[in-house]
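**Student:** Quick one, fold the following:
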Amino acid sequence: MKKALLALVASGFLMVSGALAQDATPKTVIHVITVKWKSDASQAQIDKALQAVVALPSKDPGIKHVWTRPIKKQIPEGYN
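**Tutor:** Residues are numbered from 1 along each chain as shown. So this is what the prediction gives:
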């Protein structure tokens, strides 16, 4: 009887821990993109491109958030 009860408790624990592990799995993906603008790109062109990127979540329901701030520690020289 004790073995059966222990086995039942252990299997319940494993089921709960498995369910919790599944819930911890990320449901979204984060893409990090490094951009190098052409040398002849004007600030107006860069601003227009960034505005189009910021507008993506309103056009595509699969896109949740967009950030356009540079991560300065990870930017190779010549990129922004």
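**Student:** By mean pLDDT, flag the weakest helix or strand of the chain.
**Tutor:** One helix or strand of the chain scores below all others by mean pLDDT, DSSP states H and E: helix 2-23, with a mean of 58.
**Student:** Restricting to C-alpha, output the helix or strand following it in CSV.
**Tutor:** Later in the chain than helix 2-23, the nearest helix or strand by DSSP states H and E is helix 43-54. Extracted in CSV, the C-alpha atoms of helix 43-54 (Å, rounded to 0.1, in the frame of the first residue of the first chain):
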residue,chain,number,x,y,z
GLN,A,43,18.8,61.4,-42.0
ALA,A,44,15.3,61.8,-43.5
GLN,A,45,15.6,58.4,-45.3
ILE,A,46,16.8,56.8,-42.1
ASP,A,47,13.9,58.3,-40.1
LYS,A,48,11.4,57.2,-42.7
ALA,A,49,12.7,53.6,-42.6
LEU,A,50,12.6,53.6,-38.7
GLN,A,51,9.0,54.9,-38.8
ALA,A,52,8.0,52.1,-41.1
VAL,A,53,9.5,49.6,-38.7
VAL,A,54,7.8,51.1,-35.7
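**Student:** burial measure for Gly62, as a count.
**Tutor:** 7 (other CB atoms under 10 Å). C-beta coordinates here come from the backbone N, C-alpha and C atoms, glycine included.
**Student:** which residues touch it?
**Tutor:** Listed by CB atoms under 8 Å, 6 or more residues apart in numbering, Gly62 has no contact partners.
**Student:** In this structure Pro57 contacts Trp67, no?
**Tutor:** No. With contacts counted by CB atoms under 8 Å, Pro57 stays clear of Trp67, the gap being 11.0 Å.
**Student:** Between the two, which is the more surrounded one?
**Tutor:** Ranked by neighbour count (other CB under 10 Å), Pro57 and Trp67 place Pro57 first, with 13 against 10.
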